[in-house]
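**Q** Fold the stuff below for me.
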Amino acid sequence: MAEQKDDSVQMAKPLQTRKSAPTSAPAETGVERVTAEGATHAPAAPALDQRTPVSVVPRRQRYLVGLRVAPGFTLTRLKRDAARNAGEARSQDAFLDRLPQMDGVEVIRRLTDLLVVSMDERRGEALRQHAPPHIIVEADSPISHSELAPWEPAGWQFRARSMPFPTQRREIRFCVQGEGERPLANATINLFGPGFPTQATTDASGHAAVATFTRDAADIQAVYVRPATGHWERYIPNPALDADRVNLVRLIALDKGSSKSAIERQHSWGQRSMKFDRMSADWSGVGVKIGIIDSGCDVSHPILRHIERGVDLTREHDPQGWQTDELGQGTHVAGIIAGAATPTAEAIGCAPGAEVWVLKVLPGGYCSDLIDALDVCIDQRLDIVQIGVCCGQFSELVTQKIAAAQMQGTVCIMGSGNTGGPVQFPANIPGTLVVAAIGRLGEFPPDTRHAQRALARAPAPGGIFPTYFSNWGAQVAACAPGVAVISSVPGGGYAAWDGSTLAASHVTGMAALLLSHHPALQRIDYAGRIDDRIAVLKSLIRAAALPLAHTEPSRVGAGLPDLERVPTLMAARHLIGSLEARAWSMPPSFQFSACPA
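**A** Coordinates of the predicted model:
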């Protein structure tokens with residue numbers, strides 16, 4: 001217990017200097033106030049014609065201000081060199097020291113080597129243009145998880161734009177049931193048709209009313225029902241709906257009709273495809289430290305109770321906030337990577353013996369939160385970090401921090417994204433290990449959204465298919481299962497989800513096993529050049545990949561990694577020797593790009 005307490009104190013250090021942006025509401029606005037005791041005081045609102053109008057103006061923007069680091073230098077090395085030249089260091093830091101005194105600039109928080117400030121957009125642009133060359137001024141952009149590309153019936157979006165907006169709203173009622181006609185609560189029902197997509201969530205009785213602006217129920221183009229847990233989703237195109245009666249939708253349990261034993265079902269189809277089920281039980285990733293930068297993790301889940309280390313980088317007032325997962329992605333990812341093999345588990349992780357650190361940055365996070373999380377990974381010397389977020393804007397400071405983590409020997413693994421376009425930021429940063437998502441026919445019912453994920457082409461041998469939603473590009477190093485992946489979700493249950501982040505989780509588990517058990521990675525002297533193992537590890541994963549027939553490398557990289565194909569010293573001594581020799585001879589800048597990720 002003492003060790004756990006010490007760890008939590010260490011992890012809280014990056015948060016000690018954080019400052020919350022002050023907020024205020026003028027008394028005359030009539031906004032409800034909440035006191036420290038929890039009592040609410042709502043001032044009497046004046047009559048509408050007596051209110052003072054409030055002008056709508058652009059809101060203040062968040063900016064990151066930090067030092068620009070020369071290529072090949074980590075911030076630790078830069079600070080060490082600056083310590084020898086105190087005068088130069090003072091001149092470099094003078095700009096950051098003066099920043100809080102500038103008019104209209106408010107410091108929101110301080111991180112290790114940068115400031116997060118708030119100012120209006122005009123001032124921010126002027127500051128960016130006139131900053132010294134060694135100073136970076138950029139927007140502190142919001143981060144999020146990558147949304148899946150549209151999959152609904154083609155054409156309804158165009159009809160929605162061209163039709164006049166109806167003035168009359170109507171409700172279509174549904175009842176969602178599972179096995180044994182059991183009502184399913186918290187199932188999400190989506191309707192797609194003229195106007196815009198609408199949705200509702202079922203109550204405890206399994207009922208929900210979905211508001212729609214269609215003139216007739218026959219205008220609904222598709223119904224998609226996503227259960228919270230325990231059942232397969234259902235996708236119904238051109239549904240026959242009754243606007244005057246309750247429409248019943250029945251869902252199939254996840255294990256319905258499976259011929260596999262309970263032990264076999266614990267390994268997902270993705271783990272079986274990559275041969276995790278063939279590995280010895282002592283191959284569990286013991287000794288490897290993995291960071292998961294995502295939406296938190298519900299550690300009350302039976303297969304995740306062994307996870308003890310985490311921090312919420314979005315809510316400093318709640319030291320246990322990282323254990324709450326509003327989005328569910330962090331919990332799902334943690335189950336794929338390190339779920340424990342309990343007797344009642346319906347899914348287990350790829351590397352259940354690894355030490356997991358949960359770094360919560362979603363929802364509501366910014367690039368500054370991602371940088372804060374990477375600082376924790378560097379300080380705690382984590383071996384692997386899976387980054388499950390994306391950003392719509394490039395950030396030089398995030399790029400610097402990821403490069404610093406890699407130079408310290410931390411492998412950064414990310415999904416390529418789910419928008420169907422080029423690889424998203426920060427996955428497109430050189431040196432990261434980028435993974436695209438694939439699926440396999442027969443691993444899901446035909447009337448699910450999973451069945452809509454394949455590209456319009458013949459599948460590879462074994463029913464493997466590339467997905468239309470997975471982002472593509474030269475940065476993609478490999479592919480892994482990312483369709484109908486069953487894993488843990490908040491609340492103690494299991495669900496089948498899609499996404500490239502889930503694919504990256506399989507490769508993260510594989511990397512943990514190789515770092516923990518592969519003899520080639522055990523032989524390298526990490527103390528002198530710990531970044532060498534990144535090049536060796538990526539070479540081993542690519543060498544073990546099985547190419548997908550008739551599929552462009554930009555979509556699947558080297559192919560699907562197979563643990564049984566990983567070169568070993570006993571089976572291919574000459575190959576490992578050449579990989580090690582190449583890693584030792586590479587300059588650091590080439591090591592990051594030698595194996596395109």
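
**Q** C-alpha from now on. contacts and neighbour counts both.
**A** Noted.

**Q** quick one, strands of the stretch 251-400 of the chain?
**A** Here the stretch 251-400 of the chain has its strands, by DSSP state E, counting those that start in this stretch, at 289-294, 309-312, 355-360, 384-387, 390-391.

**Q** Ala253: which of the ones you listed is closest?
**A** Ala253 lies closest to strand 289-294 among the strands of the stretch 251-400 of the chain, at 27.9 Å (CA to CA).

**Q** and that closest one with strand 355-360, angle?
**A** Interaxial angle, strand 289-294 versus strand 355-360 (axes from the mean of the first three to the mean of the last three CA atoms, to 10 degrees): 20 degrees.

**Q** Just the C-alpha atoms of strand 289-294, please, in PDB.
**A** Coordinates of the C-alpha atoms in strand 289-294 are reproduced here as PDB (Å, rounded to 0.1, in the frame of the first residue of the first chain):
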ATOM      1  CA  LYS A 289       5.300  -0.600 -18.300                       C
ATOM      2  CA  ILE A 290       2.500   0.600 -20.700                       C
ATOM      3  CA  GLY A 291       0.800   4.000 -20.700                       C
ATOM      4  CA  ILE A 292      -2.700   4.400 -22.100                       C
ATOM      5  CA  ILE A 293      -3.500   8.000 -23.100                       C
ATOM      6  CA  ASP A 294      -7.200   7.900 -23.600                       C
END
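
**Q** From Pro567, how far out is the spatially most central residue of the chain?
**A** When CA atoms, centre = their mean is applied to the chain, the residue found nearest the centroid is Gly388 (2.0 Å). Noted for Gly388: a distance of 29 Å to Pro567, by CA to CA, to the nearest Å.

**Q** Identify the bridge partners of the closest residue to Cys377 other than its chain neighbours.
**A** Closest residue to Cys377 apart from its sequence neighbours, by CA to CA, 6 or more residues apart in numbering: Gly291 at 6.8 Å. The partner list for Gly291 in beta bridges (DSSP bridges) reads Trp357, Val385.

**Q** Which residues lie in contact with Gly291 in this structure?
**A** By CA atoms under 8 Å, 6 or more residues apart in numbering, Gly291 lies in contact with Val356, Trp357, Val358, Leu359, Cys377, Leu382, Ile384, Val385, Gln386.

**Q** hmm, which of these are the buried ones?
**A** Among these, those buried by neighbour count (16 or more other CA atoms under 10 Å) are Val356, Trp357, Val358, Leu359, Cys377, Leu382, Ile384, Val385, Gln386.

**Q** Reformat these as TSV; add pLDDT and distance to Val435.
**A** Shown next, in TSV, are the buried ones among the contacts of Gly291 (pLDDT from 0 to 100; distance: CA to CA, whole Å):
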residue	pLDDT	distance to Val435
Val356	97	20
Trp357	97	21
Val358	97	20
Leu359	97	20
Cys377	95	21
Leu382	94	20
Ile384	96	14
Val385	97	14
Gln386	98	11
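
**Q** now the residue lying closest to Gly270 once chain neighbours are set aside: how far from Leu114?
**A** Nearest residue to Gly270 in three dimensions, chain neighbours excluded: Pro481, at 5.0 Å (CA to CA, 6+ apart). Applying CA to CA, the value for Pro481 to Leu114 is 38 Å.

**Q** same thing with Gly193?
**A** Relative to Leu114, Gly193 is positioned 47 Å away (CA to CA).

**Q** more neighbours, the two?
**A** Between Gly193 and Leu114, Gly193 has the larger neighbour count (other CA atoms under 10 Å), namely 25 against 20.

**Q** Skipping adjacent residues, who's closest to that one in space?
**A** The spatial neighbour of Gly193 that comes closest, neighbours along the chain excluded (CA to CA, 6+ apart), is Ile220 at 4.5 Å.

**Q** so what's the residue nearest to Gly270 scoring on pLDDT?
**A** If you check Pro481, the pLDDT there is 97.

**Q** what does the one 3 residues further on give?
**A** What the model reports as pLDDT for Ala484 is 96.
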